[in-house]
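> Turn this into a model:
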Amino acid sequence: MGTTQLETVPEPKYWHLRTVLSEALENEFSVGEILPNERELAARFGVARATLRQALEQLELEGRLQRRRGVGTTVAPPRMGVSVGPARHGWPGAPGDAWQALDCTLEVPPASVAETLVTGRDEPVHIVRRSRVSHGQPVAAELLHIPASSVPDLTGIDLPSGTARARAVLRELQRLELERQENTVELGSANAEDARELDRLPGAPVLVVTTRYITRGRTAALSVATYRADTCRLTFGDTGAVEIHHGPERQAS
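Sure thing, here's the model as predicted:
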């Protein structure tokens, strides 16, 4: 790589460097590629390492870079647009669903979930664990809570847990007629389990999307999906879906 010296510019030097680095990410690096170390980058662009760190931190905030423990700074995959539109959709697991079912267990849910599902506090529900991957990296993890009343015919399926049971639960759920779904979004921080599944540090910012699937006026299923805030952005429209975008500046339709 050649050496690029920065000219004197009216804007903060780190911001101009951020622009130059952004162009380099577009033209010279691929998703997941590890950047050279700070010393090499500072020498290439003729800046102090403090200035370089400011530019790298800005690109990380924008979701262009990821700092991975034990790996270094890598080029981030395109951000996902998390849409909170009001449109109707199919059930989880329906054709075209980008989520991957991992496991299913029968457990007593948190009190807040039981209240939403209108189940007894000690009544177990099916909890389907799912994951979403982009460019080979996990970007979201989901816990889908389904009361037994939503999948009454599941009693004949002799699968105590695992992927096969998760798929069976989702197939049974799809027998119901979905009236609508309601989404809420809040900013949170990754707990230990989220951090492990999403390859982040505990406390990292996340977007928590809670979705109620409603049929016959009741909540038939409740999804709590945790998205990496560094690789996802909120979009407000009428699609109501989560779409993968192929560039960080592209807007959701």
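
> all helices in the stretch 1-150 of the chain, in order from the N-terminus.
Read by DSSP state H, counting those that start in this stretch, the stretch 1-150 of the chain holds these helices, from start to end of the chain: 13-28, 38-45, 49-61, 111-117.

> Make CSV out of those helices and add mean pLDDT.
Listed next are those as CSV, based on pLDDT from 0 to 100:
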stretch, mean pLDDT
helix 13-28, 90
helix 38-45, 93
helix 49-61, 88
helix 111-117, 93
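
> Quick one: residues contacting the nearest residue to Leu35 once chain neighbours are set aside.
Setting aside the residues directly before and after it, Leu35 is nearest to Thr73 in space (C-beta to C-beta, 6 or more residues apart in numbering), at 4.6 Å. C-beta here means a position set from N, CA and C on the backbone, and glycine is covered the same way. Neighbour list for Thr73: 34-35, 56, 60, 65-67 [criterion: C-beta atoms under 8 Å, 6 or more residues apart in numbering].

> is Thr73 in a bridge, and if so with what?
Note on Thr73: beta-bridge partners Arg67, judged by DSSP bridges.

> What pLDDT is listed against it?
Reading off the confidence values, Thr73 has pLDDT 88.

> I'd like to know how far Gln54 sits from Pro12.
Taking C-beta to C-beta, to the nearest Å as the measure, Gln54 falls 8 Å from Pro12.

> Which one of these two is surrounded by more residues?
For Gln54 against Pro12, the residue with the higher neighbour count under other C-beta atoms under 10 Å is Gln54, and the figures read 18 against 12.

> Wait, that one touches Tyr14, no?
Yes - assessed by C-beta atoms under 8 Å, Gln54 is found in contact with Tyr14 at 3.7 Å.
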